[in-house]
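Engineer: With the sequence up front, the predicted model follows.
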Amino acid sequence: MTRDELEGYDALVTDLPGVAIGVRTADCVPILLHDPQNRVIAAIHSGWKGTVRKIAMKTVRVMAARFNSRPEDIIAAIGPAIGPGSFQVGEEVVAKFKDAGFPLDAVWSFQGPGDGSPMSGGHHIDLPLANKWILQESGVREGRILVSGIDTYLDKSFFSARREGIGCGRNINSIRMDPSDE
């Protein structure tokens, strides 16, 4: 597939060994999945809208339906993404997370009026934790979900659309199954 053919897709799933798949992000949450039992991998781009729409859950379901993956066998890695202290949102975004059934006590915080510095105060959403919750709701075991804990907004070695603007570069997150592991 060409890059143009992939436009508009936020998840890829394959069982082809030796083929790398990935996502490009600049604050959104990259999620990589591996089912070692059925030799299936997935790469997911989950921005706040994809998170609300539970794209990670939909991807786990595709892995189960097409490749007989069992969620409890899947290993997940949540890569560098904007952190909870940096992802300031409006009340309308908080409402969308609430309406989608997220545990707001875990993924949302209100940090008061702020001190005038960027991202201080207001409503904040923890996108990596929200995606971890989605994966657990999908049946992926907590001990098999690795979270990088890197905040792309704060760590200047990563691209951040919030910090640099939408035209900034992108972080590449990829996964590949070794063909010799068969």
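Structural biologist: The structure has been received and is ready for your questions. From a predicted model like this one, the values you see are computed outputs, not experimental measurements. Residues are numbered from 1 along each chain as shown.

Engineer: all strands for the protein, in order.
Structural biologist: Along the chain, counting by DSSP state E, strands occupy 11-14, 21-25, 29-35, 40-46, 75-78, 88-89, 108-110, 123-125, 145-147, 171-175.

Engineer: Relative to Lys132, which of those strands is closest?
Structural biologist: strand 145-147 (5.4 Å; C-beta to C-beta). All C-beta spots, glycine's among them, are computed from the backbone N, C-alpha and C.

Engineer: Name the surrounding residues that touch that closest one.
Structural biologist: The contact list for strand 145-147 (C-beta atoms under 8 Å, 6 or more residues apart in numbering) reads Ile75, Ala76, Ala77, Ile78, Pro128, Leu129, Lys132, Leu135, Gln136.

Engineer: tell me the mean pLDDT over that strand?
Structural biologist: For strand 145-147, mean pLDDT rounds to 98.

Engineer: what are the pairing partners of it, and which direction each?
Structural biologist: strand 75-78 (parallel) (DSSP bridges).

Engineer: Other residues contacting the strand it pairs with?
Structural biologist: With C-beta under 8 Å, 6+ apart as the criterion, strand 75-78 contacts 29-36, 128, 131-132, 135, 140, 144-148, 175.

Engineer: Please apply the same query to stretch 126-142.
Structural biologist: 28-29, 31, 46, 48, 51, 54, 56-57, 60-61, 70-72, 74, 76, 78, 81-84, 87, 97, 102-103, 106-109, 145, 147-149.

Engineer: try stretch 116-124
Structural biologist: Contacts of stretch 116-124 (C-beta under 8 Å, 6+ apart): 84-91, 93-94, 108-115, 153, 162.

Engineer: my guess is Ile172 contacts Arg24, does it?
Structural biologist: Yes - using C-beta atoms under 8 Å, Ile172 is in contact with Arg24, at 5.9 Å.

Engineer: any low-confidence regions in this protein?
Structural biologist: 1-7, 181-182 (pLDDT under 70).

Engineer: now the angle from the longest helix anywhere in it to strand 29-35?
Structural biologist: In the chain, with assignment by DSSP state H, the single longest helix is helix 55-67. Going by axes from the mean of the first three to the mean of the last three C-alpha atoms, to 10 degrees, helix 55-67 is angled at 20 degrees with respect to strand 29-35.

Engineer: Any buried residues in helix 55-67, and which?
Structural biologist: Ile55, Ala56, Met57, Lys58, Thr59, Val60, Met63, Ala64, Phe67 (16 or more other C-beta atoms under 10 Å).

Engineer: That concludes my questions; thank you for your assistance.
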